[in-house]
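Asker: attaching a predicted model along with its sequence, questions to come.
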Amino acid sequence: MAKKKSGKKQALGGRQASGKVVTMQYRARPAGNMTSKPRRTFGDPVSDVKSNPNFVAIPSANKQPSSLSYDLASAVDASVIKGINASGQLVFHCVGDTGDINGTGIAKDLAEQMETQYNTAGSNTNPAFFYHLGDVVYYNGVTTDYRDQFYDPYKYYPPVIFAIPGNHDGQTIVNKGDPPDPEPSLKGFFANFCDSKRNPSQSSPYRYTMNQPWPYWVLNTPMATFIGLYSNVDGSLDNRNDKSQPQFKWFVSQLKAADKKKALILAVHHGAFSLDAEHGGYPDILDAIDQAAAAAGGRHPDIVLSGHVHNYQRFQRVIGESPYVYIIAGNGGYASVKTMHKMQVDPTTGKELDVTHPFQTTKAGVSLFSYNDKLPGFLRITVDKQFIRGEYFTNDMTGGTQSTKPFDTFRFDYINKKSAG
């Protein structure tokens, strides 16, 4: 039997010399200076590895089903699927970090804006669903907070709402010294998004619970495959000390299995890249995407959608000769103007980032094309048999009629792997 080669990983993709990645390889964890967080270099879209990351396991009381796949047809009327097939396109809304606890009504305003889009669209261009990018309820996803922070803002919004959890959905403590939450991690998320079947919600007379299979799961639709990951509390798929790496290995299997004729969309709460001044991108998420793509024979998600950072950013990442889209959309209601995450400031000029032309980050192949750190907003994404088209709409928070013109637009040819800006 031939010996396994142990060559070094390449710079992109985490591919070993053997061409396979059996388990995820982590970056070395820094010792930490125990006093402060290192400040990123200007233009660096990825933060340093945390010296002591927080990981909260999915409670064992929740039993993982044998299949983590879910068909859109299980949650929507047959007419919706018929309309998608007839028009040849799938439309959906998307944003994260909606838990509105600041008393400003931003989540409700955005929900009304999305509702207006739904009601004014043509029958075959209505959004089929809203895909939530995590942090549904602040601060820590407690079940009793779902009524005010989730069901009430969206009580008039017609489509179903799918979700992945964010760190605040899975945390069990807010700050050091605070008492633990009164319920286990993810209890609220399981009750409202991973119910055994779709039931009338105890928190709302208008919207039923969802029966997604698990916090990380696959949504199958006629035009796209959605892989949703759970990036836990500090931006990682699995506990570094867990050699079984269940989520990473599942991720690899789903990349391999995804229909190559459909768009491949990845949703994960913590983003791989961010040029905000607070968080930055998460290295474990970036490495998981690259190493999983390498292990799956080079199948990379066509677009990566994330929240967590409370603003909007659109990156293009070139791997080989193919450009891919990475988006931060974490401005769905939690953050007020004062609490939005601001972008890095150029230390040589003291001014904000200039994206008149794409801003080249310090990471090769990764450029920032657009951002908005001043107003909340949401995405409307359209997928057909060749293109992923995105529109980002903002809300001026006046409570009045909002502009129908998007702040940012992009188009990606996922069949030929070409960007149209």
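Answerer: Received it, and whenever you're ready, just let me know what you need. Numbers count the residues shown, from 1 in each chain.
Asker: which parts of the chain are helices?
Answerer: Here the chain has its helices, by DSSP state H, at 78-87, 106-120, 146, 167-170, 187-193, 246-257, 283-295.
Asker: quick one, which of the ones you listed gets closest to residue 205.
Answerer: Distance to residue 205, taken as CB to CB, is lowest for helix 146 among the helices of the chain, at 13.4 Å. Heads up, the C-betas are built off the backbone N, CA and C, glycines and all.
Asker: ok now that closest one, how far from the chain's centre?
Answerer: Relative to its chain's centre, helix 146 lies at 20 Å (CA atoms, centre = their mean, to the nearest Å).
Asker: what's that helix packed up against?
Answerer: Where contact means 3 or more CB pairs under 8 Å, 6 or more residues apart in numbering; DSSP states H and E, helix 146 is packed against helix 187-193.
Asker: taking the mean pLDDT, what do you get for the helix it packs on?
Answerer: Mean per-residue pLDDT for helix 187-193: 97.
Asker: which strands and helices sit next to it?
Answerer: Using 3+ CB pairs under 8 Å, 6+ apart, helix 187-193 sits against helix 146, strand 160-163, helix 167-170.
Asker: pull the CA atoms of it into CSV?
Answerer: C-alpha atoms of helix 187-193 as CSV (Å, rounded to 0.1, in the frame of the first residue of the first chain):
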residue,chain,number,x,y,z
LYS,A,187,-33.2,26.1,23.2
GLY,A,188,-35.1,29.1,21.6
PHE,A,189,-33.6,28.3,18.2
PHE,A,190,-34.6,24.6,18.3
ALA,A,191,-38.1,25.5,19.6
ASN,A,192,-38.8,28.0,16.8
PHE,A,193,-36.7,26.7,13.8
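Asker: related to what we said a few turns ago, for the helices of the chain, which one ends up most surrounded?
Answerer: Of those, the one with the most neighbours on average (mean count of other CB atoms under 10 Å) is helix 167-170, at a mean of 26.
Asker: list of residues touching that one?
Answerer: Helix 167-170 has contacts (CB atoms under 8 Å, 6 or more residues apart in numbering) with 56, 99, 134-141, 185-186, 188-189, 215, 230-235, 269-270, 308.
Asker: before we move on, back to that, columns distance to residue 398 on top of the helices of the chain, output as JSON lines?
Answerer: JSON lines is the format used below for those (distance: least, CB to CB, whole Å):
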{"stretch": "helix 78-87", "distance to residue 398": "33"}
{"stretch": "helix 106-120", "distance to residue 398": "9"}
{"stretch": "helix 146", "distance to residue 398": "28"}
{"stretch": "helix 167-170", "distance to residue 398": "28"}
{"stretch": "helix 187-193", "distance to residue 398": "31"}
{"stretch": "helix 246-257", "distance to residue 398": "42"}
{"stretch": "helix 283-295", "distance to residue 398": "36"}
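Asker: quick one: which of those helices is nearest residue 27?
Answerer: Nearest to residue 27, of all these, is helix 283-295, at 5.8 Å by CB to CB.
Asker: the inter-axis angle of the closest one versus helix 246-257?
Answerer: Angle, helix 283-295 to helix 246-257, by axes from the mean of the first three to the mean of the last three CA atoms, to 10 degrees: 40 degrees.
Asker: helices or strands next to helix 283-295 in the packing?
Answerer: If contacts are counted by 3+ CB pairs under 8 Å, 6+ apart, helix 283-295 sits against helix 246-257.
Asker: gap between the helix it packs on and the chain center?
Answerer: From the chain centre to the centre of helix 246-257 is a distance of 17 Å (CA atoms, centre = their mean).
Asker: let me see the contact set for the residue most central in space within the chain.
Answerer: Nearest to the geometric centre of the chain sits residue 306, at 2.8 Å (CA atoms, centre = their mean). By CB under 8 Å, 6+ apart, the contact set of residue 306 is 96, 133, 267-272, 326-330.
Asker: residue 402 too?
Answerer: Going by CB under 8 Å, 6+ apart, residue 402 touches 113, 116, 393, 394, 395, 396.
Asker: and the second one, how far is that from residue 161?
Answerer: For residue 116, the distance to residue 161 under the criterion CB to CB, to the nearest Å works out to 17 Å.
Asker: re earlier: just give the closest residue to the residue nearest to the centre of the chain, not the sequence neighbours.
Answerer: In space, and not counting its chain neighbours, residue 306 is closest to residue 271: 3.4 Å by CB to CB, 6 or more residues apart in numbering.
Asker: wait, that neighbour touches residue 328, no?
Answerer: Yes: the pair residue 271 / residue 328 is scored as a contact, 5.0 Å apart, by CB atoms under 8 Å.
Asker: which neighbours do the two share?
Answerer: Taking CB under 8 Å, 6+ apart as the contact rule, residue 271 and residue 328 both touch 306, 307, 308, 309, 313.
Asker: could you flag which of those residues are buried?
Answerer: 306, 307, 308, 309, 313 (16 or more other CB atoms under 10 Å).
Asker: can you redo the contacts of residue 402 as TSV with pLDDT?
Answerer: Formatted as TSV, those follow (pLDDT from 0 to 100):
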residue	pLDDT
113	96
116	96
393	98
394	97
395	94
396	91
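Asker: now do the same end-to-end measure for stretch 131-142.
Answerer: With CA to CA, to the nearest Å as the measure, the ends of stretch 131-142 fall 20 Å from one another.
Asker: ok now that stretch, how far from the chain's centre?
Answerer: Counting by CA atoms, centre = their mean, stretch 131-142 is centred 12 Å from the centre of its parent chain.
Asker: for the chain, which spans come out with low pLDDT?
Answerer: 1-21, 32-34, 102-104, 174-179, 420-421 (pLDDT under 70).
Asker: what about 90?
Answerer: 1-22, 29-39, 50-53, 99-105, 121-125, 139-140, 171-182, 335-339, 397-400, 418-421 (pLDDT under 90).
Asker: mind listing the strands for the stretch 301-421 of the chain?
Answerer: Per DSSP state E, counting those that start in this stretch, the stretch 301-421 of the chain carries strands over the ranges 303-306, 312-319, 322-329, 345-346, 351-352, 359-360, 366-372, 377-383, 387-394, 408-413, 418-419.
Asker: determine which stretch of those strands is the most buried.
Answerer: Sort these by mean neighbour count, taking mean count of other CB under 10 Å, and strand 303-306 sits at the top with a mean of 26.
Asker: so what are the sheet partners of that strand and their directions?
Answerer: Here strand 303-306 has these sheet partners by DSSP bridges: strand 263-267 (parallel), strand 322-329 (parallel).
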